[in-house]
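Peer 1: Kindly return the folded structure for what I paste below:
(2 chains)
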Amino acid sequence: MLSSEQDRAIPLNGQQHEPIVSIRDVRKRYGSLEVLKGVSFDIRRGEVVCIIGPSGSGKSTLIRCINGLSDIQHGSIIVDGIEVRDPRLDVIALRRKVGIVFQQYNLFPHKTVLQNVMLAPRLVLKESKDVVEQRARQLISKVKLDGKENVYPGELSGGQQQRVAIARSLAMRPDIMLFDEVTAALDPETVKEVLATIKELAQDGMTCILVTHEMGFAREVADHIYFTDGGVIVEDGPPSEIFGNARDPRTRRFLSQVL
Amino acid sequence: MENAISDFFKELDEKVGLNFNIFYDQYEFSRFLNGAANSLELMFWVISVSIGLGIIGASAQSIGPRWLKNIIGAYVQIFRNTPPMVQLLFFYFGLGNLTPQVDMGGYTEPLISSFTWAVIALGIFGGAYNVEIFRSGIDAVPKQTREACESLCLSKMQTNVHVILPLALRISLPALAANVVSLAKTTSLAYVISVPEMTYVLNQVWSDSMNVPEMILVLFLFYVVVVAAIGAIFTFIEKRTSIPGFGQ
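Peer 2: From the prediction side, this is the model:
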């Protein structure tokens, strides 16, 4: 179900070439371990970006910095005009623009699917119950979970739970969606349904930043791919270039291992 | 008190020599009822105070400032590391002596009755355990659940009220049930500060009538029944609050 009401959740304006996220020389360390060693790139509105690379290369840390779940020690991240290192940062304003979906879903196990999706808009956006419920039902339908509204997360498969998590995030009407290895904990057969949901979202024009190990999906859906290793971006380019004609030996070695 | 039950116990006394006088003698029966009512009332207040202290203490320990955490830590240590009977004696004879006496017209009574002291002492004792029980429940909620709340812009308060506490309380229920049952049994210690609860009252009965084994049996069964009832209440609460697919 793709009604026109849902499409309003996605920003419709002409700033196609303005970067919506601008990352400049970002460095982050945990104690003596430097996990990000100067990362810079831009993401335009409506763009779908995949970050790939070996474990421990700082991919997840990087996207967690975009909505302020992790802080950075150097550089700057500007999300639609909001600088995350601003000492007077309005973190709520930042996070309202940026939805995030986690590897472990992190649903509220004591709330039904519908309640999971409705909770934040009710409490944070203070919208009326009817409005929120209507939107929540549309989103649940959009992630193809019709009929599961009154079921608890524990009764769903991993793939279904992950789609609830996506609907829950979308209910806050974000401008950007972050996906942090969202299929890494799933059974192979349920991976597809989650990827189909993300793909649909990308086709609707949502700005998506994915950390993923699903190379086939990255190749098919991404506008741009960043390969990270050891806290830096080794190589980036459109999927055809990265997968067909990688320049850097580290990229080639990584791809030969995962493909 | 003329009915089948009293007739049965009267006959039991006359023919077998087992004297359950609380079940056929009107005066002894009223003593028994009084003791039972006092015991149940004492349990109710002690359990309520301990749960209240537990929730307040555990919440303060998870979100309060350093100094408050230290105070609560010290409270838990002190009251878990001393016997509840010593605590009762300390409160009643130690602090009780410092509280004012009230003139009741001819004689004086302490402002705080022995019953109230028992509620205070045992409530604080049970609360020390409940702080730890609720804290372990709060700690058992995954850190990522808080992160999800943070990402959805919920405030700290909203996160705690709508997500963390409902989960933590469910996780805490089995341990809480065990502590509440233990606390209900510990109320019999109020005997040492002359609270007229079941143990104290039956002691009076057997002192007057010399029917010690019979009354001990009644006392024993009283706690069996009450503790079974408390257990049933918790089982009911656990069933009512259980979530399909969570924690099973």
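Peer 1: Just list the residues touching the one residue in chain B that gets nearest to chain A, thanks.
Peer 2: In chain B, no residue comes nearer to chain A than residue B:245, which is 1.9 Å away by CB to the nearest CB. Any C-beta I mention is one placed from the backbone N, CA and C, and that applies to glycine too. Residues near residue B:245 by CB atoms under 8 Å, 6 or more residues apart in numbering or on different chains: A:109, A:152, A:153, A:154, A:155, A:156.
Peer 1: and which of the residues you listed is nearest chain B?
Peer 2: Distances from chain B to the contacts of residue B:245, taken by CB to the nearest CB, are shortest for residue A:154, at 1.9 Å.
Peer 1: how about the residues of chain B near chain A?
Peer 2: Taking CB under 8 Å from any CB of the partner chain as the contact definition, chain B meets chain A at B:142, B:144-145, B:147-148, B:150-154, B:158, B:162-163, B:166-167, B:170, B:243-246.
Peer 1: 10 Å instead?
Peer 2: B:141-155, B:157-159, B:161-163, B:166-167, B:169-170, B:241-248 (CB under 10 Å from any CB of the partner chain).
Peer 1: Separate out the buried members of the residues you listed.
Peer 2: B:141, B:145-154, B:158-159, B:162-163, B:166-167, B:169-170, B:243 (16 or more other CB atoms under 10 Å in any protein chain shown).
Peer 1: Could you find the closest non-adjacent residue to the residue of chain B most remote from its centre?
Peer 2: The centre of chain B is farthest from one residue, residue B:151, which by CA atoms, centre = their mean lies 40.6 Å away. Nearest residue to residue B:151, sequence neighbours excluded (CB to CB, 6 or more residues apart in numbering or on different chains): residue A:100, at 4.8 Å.
Peer 1: Where does pLDDT dip in chain B?
Peer 2: B:1-2, B:247-248 (pLDDT under 70).
Peer 1: same check, this time on chain A
Peer 2: Ranges of chain A meeting pLDDT under 70: A:1-17.
Peer 1: Can you pull up the most central residue in it?
Peer 2: Most central in chain A (CA atoms, centre = their mean) works out to residue A:178, at 1.5 Å.
Peer 1: Find the helix or strand that that one is a member of.
Peer 2: Using DSSP states H and E, residue A:178 maps to strand A:176-180.
Peer 1: Now the element after that strand, going C-ward?
Peer 2: helix A:188-203.
Peer 1: So that next one, near chain B or not?
Peer 2: No. Applying CB under 10 Å from any CB, one finds helix A:188-203 out of contact with chain B, separated by at least 16.0 Å.
Peer 1: by how many degrees do that helix and strand A:176-180 diverge?
Peer 2: 160 degrees (axes from the mean of the first three to the mean of the last three CA atoms, to 10 degrees).
Peer 1: What is helix A:188-203 packed up against?
Peer 2: strand A:48-52, strand A:98-101, helix A:129-142, helix A:158-170, strand A:176-180, strand A:207-211, helix A:215-221 (3 or more CB pairs under 10 Å, 6 or more residues apart in numbering or on different chains; DSSP states H and E).
Peer 1: just so I know, which of those lies nearest residue B:215?
Peer 2: Judged by CB to CB, the one of those that comes nearest to residue B:215 is helix A:158-170, at 58.7 Å.
Peer 1: Can you confirm whether that closest one lies near chain B?
Peer 2: Yes. Shown here: helix A:158-170 in contact with chain B (CB under 10 Å from any CB) through A:161, A:165, A:168, A:169.
Peer 1: from what I can see residue B:26 touches residue B:6, true?
Peer 2: Yes. At 8.8 Å, residue B:26 counts as touching residue B:6 under the criterion of CB atoms under 10 Å.
Peer 1: Please say which of the two ends up with more neighbours.
Peer 2: More crowded of residue B:26 and residue B:6, by other CB atoms under 10 Å in any protein chain shown: residue B:6, with 16 against 10.
Peer 1: For the residue lying closest to that one once chain neighbours are set aside, the count of nearby residues, please.
Peer 2: Spatially, and ignoring its direct neighbours in sequence, residue B:6 is nearest to residue B:24 (4.1 Å; CB to CB, 6+ apart). Using other CB under 10 Å, residue B:24 is surrounded by 21 other residues.
Peer 1: number of nearby residues for residue A:68?
Peer 2: Residue A:68 has 21 nearby residues by other CB under 10 Å.
Peer 1: now swap in residue A:97 and tell me
Peer 2: By other CB under 10 Å, 21 other residues sit near residue A:97.
Peer 1: same deal with residue A:243?
Peer 2: 18.
Peer 1: Name the helix or strand for residue 116, please.
Peer 2: Using chain A here. helix A:113-120.
Peer 1: oops, chain B please
Peer 2: Secondary structure from DSSP H and E places residue B:116 in helix B:114-140.
Peer 1: counting contacts, what elements does that helix pack onto?
Peer 2: Using 3+ CB pairs under 10 Å, 6+ apart, helix B:114-140 is in contact with helix B:26-63, helix B:66-80, helix B:84-89, helix B:165-186.
Peer 1: Turn those helices into TSV, columns for distance to residue A:65.
Peer 2: Putting the helices and strands packed on helix B:114-140 into TSV (distance: least, CB to CB, whole Å) gives the following:
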stretch	distance to residue A:65
helix B:26-63	25
helix B:66-80	28
helix B:84-89	51
helix B:165-186	28
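Peer 1: closest one to residue A:252 among the ones you listed?
Peer 2: Going by CB to CB, the one of those nearest residue A:252 is helix B:165-186, 46.5 Å.
Peer 1: how about that closest one: buried residues?
Peer 2: Those would be B:165-173, B:175-177, B:179-181, B:183-184, B:186, for helix B:165-186 by 16+ other CB under 10 Å.
Peer 1: and what of stretch A:90-102?
Peer 2: For stretch A:90-102, using 16+ other CB under 10 Å, the buried residues are A:94, A:95, A:96, A:97, A:98, A:99, A:100, A:101, A:102.
Peer 1: do the same with stretch A:205-224
Peer 2: In terms of neighbour count (16+ other CB under 10 Å), stretch A:205-224 has its buried residues at A:205-212, A:214-215, A:217-219, A:221-222, A:224.
Peer 1: and what of stretch A:223-231?
Peer 2: A:224, A:225, A:226, A:227, A:228, A:229, A:231.
Peer 1: Mind telling me what element the fourth one is part of?
Peer 2: Which is residue A:227. Going by DSSP H and E, residue A:227 is in strand A:224-229.
Peer 1: List the neighbouring strands of the helix or strand following that strand plus their orientation.
Peer 2: Moving toward the C-terminus from strand A:224-229, the next helix or strand (DSSP H and E) is strand A:232-237. Its sheet considered, strand A:232-237 pairs with strand A:224-229 (antiparallel) by DSSP bridges.
Peer 1: May I have the strand it pairs with exported as PDB, CA atoms only?
Peer 2: What follows is strand A:224-229 as a C-alpha-only set of coordinates in PDB (Å, rounded to 0.1, in the frame of the first residue of the first chain):
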ATOM      1  CA  HIS A 224      27.200   5.600  -3.600                       C
ATOM      2  CA  ILE A 225      29.400   3.100  -1.700                       C
ATOM      3  CA  TYR A 226      32.100   3.900   0.900                       C
ATOM      4  CA  PHE A 227      34.600   1.300   1.700                       C
ATOM      5  CA  THR A 228      36.100   1.900   5.200                       C
ATOM      6  CA  ASP A 229      39.100   0.100   6.800                       C
END
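Peer 1: Of the residues of helix A:158-170 next to chain B, just the buried ones, ChimeraX syntax please.
Peer 2: With 16+ other CB under 10 Å as the criterion, this ChimeraX line picks the buried residues out of the residues of helix A:158-170 next to chain B:
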select /A:161,165,168,169
